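> Could you work out the structure for the sequence below:
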Amino acid sequence: MYTQVRLFIKTGIAFLIVGLGLGSVLMVRRELFGIWPDRRLVSAHTHALTVGFLMFMILGVALWLFPRAPKDDRRYSPARIRACYWILVISTTARVLAEIARATVESSAMSWIVVIASIGQAAGLLLYFWTMWSRIRPVGSHLREARGEQF
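Below you'll find the predicted structure:
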């Protein structure tokens, strides 16, 4: 497993810890103190787990398992994947933190951060899959399927 894959997976685990921690706080407050969570805290919790944990894990494992890009591929580039990683990590972190801050402080600046971070998340994911598109291809399995083998 190479460095970029480990970064995606370990970052996903870090977001899992954040999401579980925030979810635990929200649950204790609701169940023991009757304090229902602000919708922005629920959004922060959801984004930490879905984009932060789930998507980072999927992206890291896909990067690890998909066939290498062909030598003449002009779309795939390790530098572009690193850029996707940083766009996603910065955007997701900013979104989670800004959503948490918005739950306690009414701020148009925080609203803008949430919006910009959301756009960053979408852009990072789209760029990742555009970059990986040529790696989503058969390598040998299409020959076995042609002979009638089923998976």
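> Please, where are all the helices along the protein?
Under the criterion DSSP state H, the chain contains helices at 3-33, 39-47, 56-65, 78-102, 108-132, 141-146.
> The first one packs against which elements?
In this structure, helix 3-33 makes packing contacts with helix 39-47, helix 56-65, helix 78-102, judged by 3 or more C-beta pairs under 8 Å, 6 or more residues apart in numbering; DSSP states H and E. All C-beta spots, glycine's among them, are computed from the backbone N, C-alpha and C.
> So which bits of it are buried?
For helix 3-33, the neighbour count (16 or more other C-beta atoms under 10 Å) marks 4-5, 7-9, 11-12, 14-16, 18-19, 22-23, 26 as buried.
> Gly148: neighbouring residues, count only.
6 (other C-beta atoms under 10 Å).
> what do you get for Leu65?
9.
> Which one, of the helices and strands packed on helix 3-33, ends up nearest to Met132?
Among those, helix 56-65 comes nearest to Met132, with 6.6 Å by C-beta to C-beta.
> for the closest one, packing partners?
Helix 56-65 packs on helix 3-33, helix 78-102, helix 108-132, going by 3+ C-beta pairs under 8 Å, 6+ apart.
> Repeat the analysis, applying 6 Å as the threshold.
Using 3 or more C-beta pairs under 6 Å, 6 or more residues apart in numbering; DSSP states H and E, the elements in contact with helix 56-65 are helix 3-33.
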